[in-house]
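Asks: predicted model and sequence follow; I will ask about them next.
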Amino acid sequence: MKIHVNRIPAEGLHEQSVYDPAVLDLDWLDIRVAQPITVDVSITKTERAIMVQAQLEGVLELTCGRCLTPFEVPLPWLWPVAGGAL
């Protein structure tokens, strides 16, 4: 998802995208993306900063470090990010 800062309207911007795990190439160590990831982003721009709130939803597959059994973890993760000065 690309957001052009100069194209964010005064009322803010809301974008939603779904990403295929095969395209994202996020598999590393013992974490695998098991389902498509949905990204829901709200962006607010002020004179000197950008506020971004992103919610990620999907399922990760991890491996237990003790018994090496794979297990799934849902990813309803809310991630507020404060942007720096423009």
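Replies: Okay, I see it.
Asks: and the gap between the residue nearest the centre of the chain and residue 62?
Replies: When the chain is reduced to its mean C-alpha position, the nearest residue by CA atoms, centre = their mean turns out to be residue 56, at 4.4 Å. When CB to CB, to the nearest Å is the yardstick, residue 56 and residue 62 sit 16 Å from each other. Using the backbone N, CA and C atoms, a C-beta is placed for each residue, glycine as well.
Asks: which SS class is residue 50?
Replies: Assigned with DSSP: H, G, I helix; E, B strand; the rest coil, residue 50 falls in the strand class.
Asks: burial count for it?
Replies: 19 (other CB atoms under 10 Å).
Asks: what's opposite it in the beta bridge?
Replies: Residue 50 has the following beta-bridge partners by DSSP bridges: residue 45.
Asks: wouldn't it be in contact with residue 41 here?
Replies: No. Between residue 50 and residue 41 there is no contact, the gap being 11.3 Å when judged by CB atoms under 8 Å.
Asks: who touches both of the two?
Replies: A shared contact of residue 50 and residue 41, defined by CB atoms under 8 Å, 6 or more residues apart in numbering, is any residue touching both; here there are none.
Asks: give me the distance between the closest residue to residue 51 other than its chain neighbours and residue 6.
Replies: The shortest distance from residue 51 to any residue other than its chain neighbours is 4.5 Å, reached at residue 44 (CB to CB, 6 or more residues apart in numbering). Distance of residue 44 to residue 6, given as CB to CB: 15 Å.
Asks: so these two - more neighbours on which side?
Replies: For residue 44 versus residue 6, neighbours defined as other CB under 10 Å are more numerous around residue 44 (15 against 6).
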